[in-house]
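Student: output the structure for:
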Amino acid sequence: MTLYKEQMELFPTAGRDDVKAAKSLLSRYRRIKMVVDDFERNGSDKLPPKQEALYKAYKYQTGIIERAVNLITDDEIKRIIEIRYLKGQPHHVTIARFELWHPSTVDRKINKGIESVANTLLLWN
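Tutor: All right, here's what the predicted structure looks like:
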């Protein structure tokens with residue numbers, strides 16, 4: 001019985017605050033990615049210390065978000081999250097892209113994707 005409980009703890013489930021934090025991070029992804037790309041275009045090797053620290057932190061955040069999204073097992077959910085957050089499409093555009101589904105179905109899949117990202121981030125931290 002204790003072995004079963006220990007196995008359950010290997011994959012913790014994200015709580016409400018973890019999901020909110022993941023959604024916030026996903027929502028800021030495009031802006032963070034733009035900053036990283038700008039640093040790389042303009043020479044990230046000769047930055048002042050404060051900007052270098054920001055660059056490294058943002059580069060780490062974008063990498064971790066991309067990895068967490070890639071680990072979503074459901075391909076439809078992964079595609080929706082990529083369109084909505086990684087490509088930065090507005091909610092109504094995401095809904096329109098999946099016109100064969102009811103908008104509430106798309107919303108449910110977005111929420112499942114955010115939960116999956118939150119669970120992955122919780123596992124890594």
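Student: and the next helix or strand past the helix or strand harbouring Arg31?
Tutor: Using DSSP states H and E, Arg31 maps to helix 16-41. As assigned by DSSP H and E, the chain's next helix or strand after helix 16-41 is helix 49-70.
Student: relative to helix 16-41, how tilted is that next one?
Tutor: 120 degrees (axes from the mean of the first three to the mean of the last three CA atoms, to 10 degrees).
Student: report the buried residues of helix 49-70.
Tutor: 54-55, 58-59, 61-62, 64-65, 68-69 (16 or more other CB atoms under 10 Å). Where you see a C-beta, it was placed from the backbone N, CA and C, and this is true even at glycine.
Student: what two of the residues you listed are the furthest from one another?
Tutor: Leu54 and Val69 (22.5 Å; CB to CB).
Student: helix/strand/coil for Leu122?
Tutor: helix (DSSP: H, G, I helix; E, B strand; the rest coil).
Student: which phi and psi values does the closest residue to it other than its chain neighbours adopt?
Tutor: Of all residues not flanking Leu122 in the chain, Ala14 sits nearest, at 4.8 Å (CB to CB, 6 or more residues apart in numbering). Backbone torsions for Ala14, taken as degrees, to the nearest 10, come to phi -70, psi 140.
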